[in-house]
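Student: just coords:
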């Protein structure tokens, strides 16, 4: 009943190598931008501002995603420095992408005097959809794979070029890539469904996204099969530690925003 993935991670290797992962990252960026432009009016934003801010954010997100990944796998890239710029072959950090993208967006918004807080609430749904597309690339490539399992929906990576840990090639593993796709798309659907309740208080949608994303990342990392080499503190990975920090910062802020929303609602109905 397991799902066998025997597809070559590379679409072509001669005269130069092109990975499915790189193609899907481009598709993820394009689809995320398309969704952001479609949602712009719902968040009272000018589509031209959304386009310019998005184009300014993408490079920062890519750089941050790659930088965090290289730091996470520092020993490997120290021994193979020529691989550092080859991001299209795989190797992104989700938190690096989010942090890098936010920093570049903040700088651009400040420079152009744009209302950054309003853009924050537009970010979650396009980002979650983009992350889901990226995880399809991971599913083909075999990276970010799960630990061994006997579950019927396990993935089995068989291609010799697969990025899965060699001893796990041909072994049923948790489809952690699929777990994240389901989690991210579900969270995107929830945020869209609750938009009219979250949107009146600026920043609530973004905080809800941070909390939901962090919970998913923290839990799913326990099912990863490559995580032992990523553990850095008390058996937790870099991603889990960042998830905890973001969760414990975002949750009190969200409750503060909720109390603010209730107070404003009561005052609006007071005689």
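Tutor: Sure thing, it's come through. Bear in mind the structure is a predicted one, so any value in this text is a computation, not a measurement.

Student: next, the buried residues of stretch 147-154.
Tutor: 147, 149, 154 (16 or more other C-beta atoms under 10 Å). All C-beta atoms are positioned from the backbone trio N, CA, C, and that covers glycine.

Student: again, but for stretch 57-75
Tutor: For stretch 57-75, using 16+ other C-beta under 10 Å, the buried residues are 57-58, 60-70, 72-73.

Student: max pairwise distance over those: which two?
Tutor: Taking C-beta to C-beta, the two most distant members of the buried residues of stretch 57-75 are 57 and 73; they sit 24.5 Å apart.

Student: which ones are touching the spatially closest residue to residue 20 that is not a sequence neighbour?
Tutor: What sits nearest to residue 20 in space, not counting adjacent residues and going by C-beta to C-beta, 6 or more residues apart in numbering, is residue 140, at 4.6 Å. Counting by C-beta atoms under 8 Å, 6 or more residues apart in numbering, residue 140 makes contact with 5, 7, 9, 20, 21, 24.

Student: in strands only, show me the residues you listed.
Tutor: Using DSSP state E, the subset of these located in strands is residue 5.

Student: circling back to that earlier point, which SS state does the residue nearest to residue 20 fall under?
Tutor: Look at residue 140: counting by DSSP: H, G, I helix; E, B strand; the rest coil, its state is helix.

Student: quick one, helices of the chain?
Tutor: Under the criterion DSSP state H, the chain carries helices at the ranges 20-39, 47-72, 74-79, 94-112, 116-120, 124-141, 176-193, 195-198, 204-220, 238-269.

Student: redo those helices as a markdown table? Include mean pLDDT and distance to residue 160.
Tutor: Formatted as a markdown table, the helices of the chain follow (pLDDT from 0 to 100; distance: least, C-beta to C-beta, whole Å):
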| stretch | mean pLDDT | distance to residue 160 |
| --- | --- | --- |
| helix 20-39 | 92 | 15 |
| helix 47-72 | 87 | 23 |
| helix 74-79 | 82 | 20 |
| helix 94-112 | 88 | 28 |
| helix 116-120 | 85 | 44 |
| helix 124-141 | 94 | 13 |
| helix 176-193 | 96 | 19 |
| helix 195-198 | 84 | 46 |
| helix 204-220 | 94 | 27 |
| helix 238-269 | 81 | 28 |
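
Student: out of these, flag the one nearest residue 162.
Tutor: Nearest to residue 162 among the helices of the chain is helix 124-141 (7.1 Å), distances taken as C-beta to C-beta.
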